[in-house]
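# Predicted model and sequence below, questions to follow.
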Amino acid sequence: MEEEVDEGKKERDKRSSNHDDSLYDELFSLICADKEIVKKEAFKILLGLIDTESMVAYIQRNEKKCLKILISGLNSDYEVVALQCLVNLSAHIPKELIRRNLIEIVFDLLRDEEEAQERSHTELYIMLVANLSREKAGLYKILDLPEGQKQEGEKQEQPQPQPQPQESRELAVSHYLNKLLHLFSKPIVTATINKQVTDKYFFIAHILINVSSVKECAHFFKSVILLNMLSKQMLQQERCAAVLQCVINLCMSETLHPYIFHEECNLMPRVLSLVYTREKGSNDEFAALPSIATSQKGANKDSVHPLILDMSTVLTPSTDVKNRVMILLRNLFSRELARQKLRSYGVEHVLRNWLLHEKNTGIT
């Protein structure tokens, strides 16, 4: 009896699938119609269906035809709807879109958009790349890594000597990553398509999180100037937690520590300033407290770093930010050289200051 029920269900599902396929065939034929108004309206219908399981399955079965039609829509009068379809679809089948060179196409469109200065779909392009960057194949394309170098990043990672200032100023990054960093360093502006999005470049932070999660990325962040640029983004409340996650990832690579702890790099002072409260008289109070490590030497070298004092205001109210600072410090304290560098910034005083002003007992 159960076998008969199962067979009946399979038959109904098959008929339903065939019916859906017939409708989707007709929809895609309308998208290829001669009249632009028909194409645009068909694309709008597709946008409403693009997240359904049956539509995604249909596109996968007819990948060559469907993706060619969708991507060609980026050079049309209905490009916004086509782009929205691809953004939604990229959450379901990113690998297929990456194979169709969509990342390269998007960056070409970004370049053309910047040159023309007539339209702005930047936030949608960034959202699309952010979805595609969740796949390693997408990350390697963003970093412009040839096949042979994809697995060599960590193998080549060796302890590096302290970089000289002129070396740290060399911004050696891929073209695509350089473009993203350029956009990320621009002043925050409201999105042009979705007015509820206050930062049209926000999702670049998520791309950077994904990029920094692969070992091969280390070579592209060996720049004090670049690290200082990331540091500045933590001044933006909307970006701070996301940028901190990127910093956590970067600090996992010891080959970057000479740059992160370089005397001209203000990344770690910026991080510590987030959890430091500067009050009248408090500087002397904390600078006068000897640490366990230095009290044995008869001198206190752990006074709070001047950059931390300059950058700090009050303890950040964000639980996400505070938790990520804690994770970062916990990771760095497991490495002897990093621990020494943090102590030179006066991290023990910063932590005492944090403890004094922290009201949230749930901070981990």
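In hand now; what should we look at? Numbering: from 1, shown residues only.
# you'd agree S273 is up against V314?
No: the pair S273 / V314 is not scored as a contact, 10.3 Å apart, by CB atoms under 8 Å. Just so you know, the C-beta spots here come from the backbone N, C-alpha and C atoms, and that holds for glycine as well.
# who are the neighbours in contact with I71?
Residues near I71 by CB atoms under 8 Å, 6 or more residues apart in numbering: 82, 86, 100, 102, 105.
# ugh, typo on my part, it should be V106
Each residue near V106 by CB under 8 Å, 6+ apart is listed here: 125, 128-129.
# Select only the buried ones of those residues in ChimeraX?
Only the buried entries of the contacts of V106 go into this ChimeraX selection, using 16 or more other CB atoms under 10 Å:
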select :125,128,129
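# Can I get the contacts of V106 in TSV including pLDDT and secondary structure?
What follows is the contacts of V106, written out as TSV (pLDDT from 0 to 100; DSSP: H, G, I helix; E, B strand; the rest coil):
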residue	pLDDT	secondary structure
Y125	95	helix
L128	97	helix
V129	98	helix
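# Which one of the contacts of V106 is nearest to I193?
Taking CB to CB as the measure, I193 lies nearest Y125 of the contacts of V106, at 10.7 Å.
# so the closest one touches L109, yeah?
Yes: if you go by CB under 8 Å, Y125 and L109 touch, sitting 6.4 Å apart.
# how about the contacts of I71, which pair is most distant?
Across the contacts of I71, no pair lies farther apart than A82 and R100, at 13.6 Å, counting by CB to CB.
# And the two? Which one has more around it.
It is A82, of A82 and R100, that has more neighbours when counted by other CB atoms under 10 Å, with 24 against 16.
# Not including adjacent chain positions, what is the nearest residue to the more buried one?
Of all residues not flanking A82 in the chain, G73 sits nearest, at 2.9 Å (CB to CB, 6 or more residues apart in numbering).
# Now do the same contact list for the one you found.
31, 43, 79, 81-83, 85.
# possible to save these as TSV with secondary structure?
Listed next are the contacts of G73 as TSV, based on DSSP: H, G, I helix; E, B strand; the rest coil:
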residue	secondary structure
I31	helix
F43	helix
E79	helix
V81	helix
A82	helix
L83	helix
C85	helix
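# what's the farthest-apart pair in the residues you listed?
Top of the distance list for those (CB to CB): I31 and L83, 14.2 Å.
# how many other residues sit next to K35?
Around K35 there are 9 residues (other CB under 10 Å).
# L226 too?
24.
# Now name the helix or strand holding it.
helix 224-233 (DSSP states H and E).
# Go through that helix and flag the buried ones.
Residues of helix 224-233 classed as buried under the neighbour-count rule (16+ other CB under 10 Å) are 224, 226-231, 233.
# which strands and helices sit next to that helix?
Judged by 3 or more CB pairs under 8 Å, 6 or more residues apart in numbering; DSSP states H and E, the packing partners of helix 224-233 are helix 165-168, helix 175-184, helix 237-251, helix 257-260, helix 267-273.
# Could you export that helix as CSV, CA atoms only?
Written as CSV, here are the backbone C-alpha positions of helix 224-233 (Å, rounded to 0.1, in the frame of the first residue of the first chain):
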residue,chain,number,x,y,z
VAL,A,224,50.6,49.4,6.4
ILE,A,225,48.7,51.9,4.3
LEU,A,226,46.0,49.3,3.5
LEU,A,227,45.8,48.2,7.1
ASN,A,228,45.5,51.9,8.2
MET,A,229,42.6,52.3,5.7
LEU,A,230,40.8,49.3,7.3
SER,A,231,41.5,50.9,10.6
LYS,A,232,39.7,54.1,9.6
GLN,A,233,36.6,52.1,8.6
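# relative orientation of it and helix 175-184 in degrees?
Counting by axes from the mean of the first three to the mean of the last three CA atoms, to 10 degrees, helix 224-233 lies at 40 degrees to helix 175-184.
# angle of helix 224-233 against helix 237-251?
Per the same axes, to 10 degrees, the angle that helix 224-233 makes with helix 237-251 is 140 degrees.
# Rounded mean pLDDT for helix 224-233, please.
Computed over helix 224-233, the mean pLDDT rounds to 95.
# do stretch 134-141 as well
Averaged over stretch 134-141, pLDDT sits at 96.
# buried ones in it?
Residues 134-135, 138-141 are the ones in stretch 134-141 that count as buried (16+ other CB under 10 Å).
# what's the answer for stretch 213-226, then?
Those would be 213-224, 226, for stretch 213-226 by 16+ other CB under 10 Å.
# so where's the stretch 151-300 of the chain shaky on pLDDT?
Low-confidence segments of the stretch 151-300 of the chain, defined by pLDDT under 70, span residues 151-173, 280-300.
# rerun at 80
151-173, 191-197, 279-300 (pLDDT under 80).
# re the thing from before, higher neighbour count, S273 and V314?
Neighbour count, other CB under 10 Å: between S273 and V314, S273 has more, with 25 against 12.
# Could you measure from the more buried one over to S318?
According to CB to CB, to the nearest Å, S273 and S318 sit 14 Å apart.
# list the contacts for the closest residue to C66 other than its chain neighbours?
Leaving aside its sequence neighbours, C66 sits nearest to I59 (CB to CB, 6+ apart; 4.4 Å). Applying CB under 8 Å, 6+ apart, one finds that I59 lies in contact with 66-67, 89, 93.
# host element of I59?
Short version, using DSSP H and E: I59 is in helix 53-61.
# following that helix, which helix or strand shows up next?
Remark: after helix 53-61, the chain's next helix or strand is helix 63-72, criterion DSSP H and E.
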